[in-house]
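[1] quick one, structure for this:
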Amino acid sequence: MIKKYLNEVWEDLLWQGMEAVLYGDGDIWVRQQNSTFLDEDVIYKLPLTPEYWSDSYFMYKNEDGDLMKDESMKEGFIEDMTRQIKEGY
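    Predicted coordinates:
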């Protein structure tokens with residue numbers, strides 16, 4: 001469940017104003033950042049916005065100054081974030 005969630009996060013990284021949410025039943029949703037619903041069973045949520053990730057080791061700026069994901073760092077991202085999510089339970 002966590003790996004599926006983090007793969008979704010990776011695919012949607014740098015989506016301005018959005019967040020990825022993992023629910024207790026295993027559902028994964030991407031929604032507008034800081035929106036909430038009554039009686040949510042949220043296990044974890046991560047912002048997807050570029051400002052949040054700009055200093056991360058798996059990001060770089062291209063020759064035009066645009067923030068980009070380093071695809072070679074995907075597995076490291078998933079491993080590190082899995083550990084953080086499990087520690088947060």
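[2] can you pull the contacts of the nearest residue to Phe77 once chain neighbours are set aside?
    Once flanking residues are discounted, Phe77 sits nearest to Phe58: 5.0 Å by Cβ to Cβ, 6 or more residues apart in numbering. Heads up, the C-betas are built off the backbone N, CA and C, glycines and all. The contact partners of Phe58, by Cβ atoms under 8 Å, 6 or more residues apart in numbering, come to Lys69, Asp70, Met73, Lys74, Gly76, Phe77.
[3] let's see it at 7 Å
    Phe58 makes contact with Lys69, Asp70, Met73, Gly76, Phe77, according to Cβ atoms under 7 Å, 6 or more residues apart in numbering.
[4] got it, and Ile2?
    The contact partners of Ile2, by Cβ under 7 Å, 6+ apart, come to Thr82, Ile85.
[5] who's in contact with the host helix or strand of Glu51?
    In this structure, Glu51 sits in helix 50-53 according to DSSP states H and E. When contacts are defined by Cβ under 7 Å, 6+ apart, helix 50-53 is touched by residues Leu13, Leu14, Gln16, Met59, Leu67.
[6] any idea of the mean pLDDT in the following helix or strand past it?
    Scanning forward in sequence from helix 50-53 by DSSP H and E, the next helix or strand is strand 59-61. For strand 59-61, mean pLDDT rounds to 95.
[7] what's the answer for stretch 10-27, then?
    The model assigns stretch 10-27 a mean pLDDT of 95.
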